[in-house]
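Asker: would you be able to build a 3D model of this:
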Amino acid sequence: MATPSRRGARRLAPAWRIMRRLLLLPVLALPFALFFGTLFGRGMASYWLAYQIALVFAAAITVAIAVADRLRARAARSGPARSTPEAIARGGLLYTGAAILGSFAAGAIVHFTILPGFLGGPRQVLVMGMFTLLFSVLALAISYALSFYRNAIEKAKAEEELELARRIQRSFLRTSFPELPDVEIHATNLSSRHVSGDFYDVVPDGDGRWLLAIADVSGKGVPAALLTSMLQASLRTQAGRGEPVPEILSAINRLVCQNESSGQFATFFLARLEQHPLRLTFSNAGHNYPVVFRDGGERRFLVRGGVVVGFLEDAAFEEEALPLAPGDRLVFYTDGVTEAANRAGEMYGEERLYALIHGLPPHLPARETADRILADVRAFLDGAEAGDDITLLVARVRPTAGVAGAVAGA
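Answerer: Next up is the predicted model:
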């Protein structure tokens, strides 16, 4: 909520902009005074008179342009963007009209004050027309130069924010994964031009257990990246305590809900991988359903859980324990995979993803499985820009899983 001081500053901003422009008038009027003093005058008195007239014209046109700029800004809040060709054309007409009105106002002021009879004859009308033309062109040039300068500054700031967000996002994505006797794990992320809040993590949970997480925060840019880092920090803080998966999700959910300034939410899938016995205990908070692909062609969706985190502070989450078998392949992904759209507007889709994984060799390692999926998505995009981050986490139960334990037991 804006404070009274901020609201006051916003109200004063247009006045300060007009004052800054008016302070430039003594300098801007000089070349016009020299031009008209030389063209129509004789001696220093003529130059001084031309300078006074130039000041009046410059001041009147500056105020008129400032008023037009204010009107254009108000119209842009509810109308088309100011950078569209139509908006630029309308702005040019508005500024031209304002400059002409300002010139006539200046002519009237000069006529009744500095130079009585200024508008009295053909020569004076010619001078008036020349003042109008030259000062209008100058005023329009300055207005557009300032407008382009402001746009360039805003664009540079936006690019700087995006680059900062990219660095934040990349900093918390794990690049090395645990070497487990029975399970291979690999995760990857293909960043889009726009930064989103995707993240994955593989966190040690004590006693040979691991927490596998994938999430997608609403929104983009620095706010999404910051919330993502907060979620990951919360997850890592709770790892190793032995808390049930739903309790960990509940704590993360409360953290997001209590962060009132963000107004964001996140889909979040969290699972605990246990090796003895080999099983996955999971809870899905509104995320795309991860899929377990089994040797016989069976497909198991990991659905049980609850609502997205950050939506209801007292939300409850359920869990499910899924025994894993040799050859099982687990694929967690964000919607950047299935919603990737090619140039024709066609989305990649779930069925294309499932068909690809079914067609991969069963012995393919987790890393190569993720690489194949990314390569297929890139080929599908065919040069089109990915509208969102593409994030994958793949786990593969080795075909020899449990053999060592069985031999030792014998």
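
Asker: hey, what's Thr281 bridged with?
Answerer: Arg272, Ala321 (DSSP bridges).

Asker: run a quick neighbour tally on it.
Answerer: A count of nearby residues for Thr281, using other Cβ atoms under 10 Å, gives 17. Every residue, glycine included, has its C-beta placed from N, CA and C.

Asker: so it makes contact with Glu274?
Answerer: Yes - Thr281 lies in contact with Glu274 (Cβ atoms under 8 Å); the separation is 7.1 Å.

Asker: for Arg279, give its distance to Phe301.
Answerer: Distance from Arg279 to Phe301, counting by Cβ to Cβ, to the nearest Å: 17 Å.

Asker: settle it for me: which of these two has more neighbours?
Answerer: Arg279 (15 against 12).

Asker: three-state assignment of that one?
Answerer: Here Arg279 is recorded as strand under DSSP: H, G, I helix; E, B strand; the rest coil.

Asker: stretch 382-401: how far from the chain's middle?
Answerer: 23 Å (Cα atoms, centre = their mean, to the nearest Å).

Asker: nope, stretch 362-378 is what I was after
Answerer: Taking mean C-alpha positions (Cα atoms, centre = their mean), stretch 362-378 and its chain are 29 Å apart.

Asker: then stretch 278-295?
Answerer: For stretch 278-295, the distance to the chain centre is 30 Å (Cα atoms, centre = their mean).

Asker: cool, stretch 372-379 as well?
Answerer: On Cα atoms, centre = their mean, the centre of stretch 372-379 falls 25 Å from that of its chain.

Asker: for it, which positions count as buried?
Answerer: With burial defined by 16 or more other Cβ atoms under 10 Å, the residues of stretch 372-379 counted as buried are Arg372, Ile373, Leu374, Asp376, Val377.

Asker: what does it contact?
Answerer: With Cβ atoms under 8 Å, 6 or more residues apart in numbering as the test, stretch 372-379 has contacts from 188, 190, 331, 333, 337, 340, 348, 352-353, 356-357, 360, 364, 386, 390, 392, 394.

Asker: now it: average pLDDT?
Answerer: Taken as a whole, stretch 372-379 has an average pLDDT of 94.

Asker: what about the buried residues of stretch 372-379, which are in helices?
Answerer: Among the buried residues of stretch 372-379, DSSP state H puts Arg372, Ile373, Leu374, Asp376, Val377 in helices.

Asker: now, which of those residues sits nearest Leu133?
Answerer: Of all those, Val377 has the smallest distance to Leu133: 58.2 Å, by Cβ to Cβ.

Asker: ok, back up a step: among the contacts of stretch 372-379, which lie within helices?
Answerer: Using DSSP H, those in helices are Val337, Arg352, Leu353, Leu356, Ile357.

Asker: may I see these arranged in JSON lines, with distance to Arg150, pLDDT and neighbour count as well?
Answerer: Converted to JSON lines, those look like this (distance: Cβ to Cβ, whole Å; pLDDT from 0 to 100; neighbours: other Cβ atoms under 10 Å):
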{"residue": "Val337", "distance to Arg150": "39", "pLDDT": "94", "neighbour count": "26"}
{"residue": "Arg352", "distance to Arg150": "45", "pLDDT": "96", "neighbour count": "16"}
{"residue": "Leu353", "distance to Arg150": "44", "pLDDT": "96", "neighbour count": "19"}
{"residue": "Leu356", "distance to Arg150": "48", "pLDDT": "96", "neighbour count": "18"}
{"residue": "Ile357", "distance to Arg150": "50", "pLDDT": "95", "neighbour count": "18"}
